[in-house]
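Colleague: have a look; sequence and predicted model below, questions after that.
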Amino acid sequence: MTDTIAATEATVCRILAEVLELQFVHPQDGFFEVGGDSVLAVQVVARAREAGLVFTVRDLFDYQTAETLAAMIGERPSAESDSASSAAPEKSPLLSFEDGEFGEFGDFDQTGGADSGTEAEWETIT
C-alpha cells in the first residue's frame, strides 16, 4: 500500500468514526454494518471533501470500507483526480444519479402540474 493510500485510509477511518460517533473504525469495517445509513453517508462525503478527499455517496455505497474506498480514490486516473481535487466542494455534487434512475418525468404538463395526482385531486380523495 502506498503512503498516499494509507493516509487516505486513515482519514476515511477517522471521518467514519466521527460521523458514526464511534471511538474507532477499522479499515475493513463496512460503513452500513457499523451503523451507517444514507443520511450519514452524505455527512461522510461532506466531511471528506472538507479534508480534501473527493468521492460521492454512490462511491460510499459501492466501496463500503475505508480500505476499498481509499484504494478506489488512489486508483483514479491522475487527470480525473487532479480535476476532482481542485474542484471547489460546492461545485462538485455530493450525489449523482443515472438517467432513468427515478423513472420518467414526462407525465407533467407544460404548466408544471401533473396530469394526475395534483393537490386538488388528493384533497378530493381523502
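Modeller: Perfect, I can see it now.

Colleague: tell me which residues of stretch 15-35 come out buried.
Modeller: Under the neighbour-count criterion of 16 or more other CB atoms under 10 Å, stretch 15-35 has Ile15, Leu16, Ala17, Val19, Leu20, Val25, Pro27, Asp29, Phe31 buried. Every C-beta, even on glycine, is put in place using the N, C-alpha and C of the backbone.

Colleague: give me the pLDDT value at the second one.
Modeller: I take that to be Leu16. Leu16 is assigned a predicted lDDT (pLDDT) of 97.

Colleague: quick one: it and Gly36 touch, right?
Modeller: Yes: at 7.5 Å, Leu16 counts as touching Gly36 under the criterion of CB atoms under 8 Å.

Colleague: hmm, back to that, the buried residues of stretch 15-35 into CSV, with extra columns for distance to Leu40 and secondary structure?
Modeller: CSV is the format used below for the buried residues of stretch 15-35 (distance: CB to CB, whole Å; DSSP: H, G, I helix; E, B strand; the rest coil):
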residue, distance to Leu40, secondary structure
Ile15, 11, helix
Leu16, 9, helix
Ala17, 12, helix
Val19, 5, helix
Leu20, 7, helix
Val25, 12, coil
Pro27, 18, coil
Asp29, 14, coil
Phe31, 8, coil
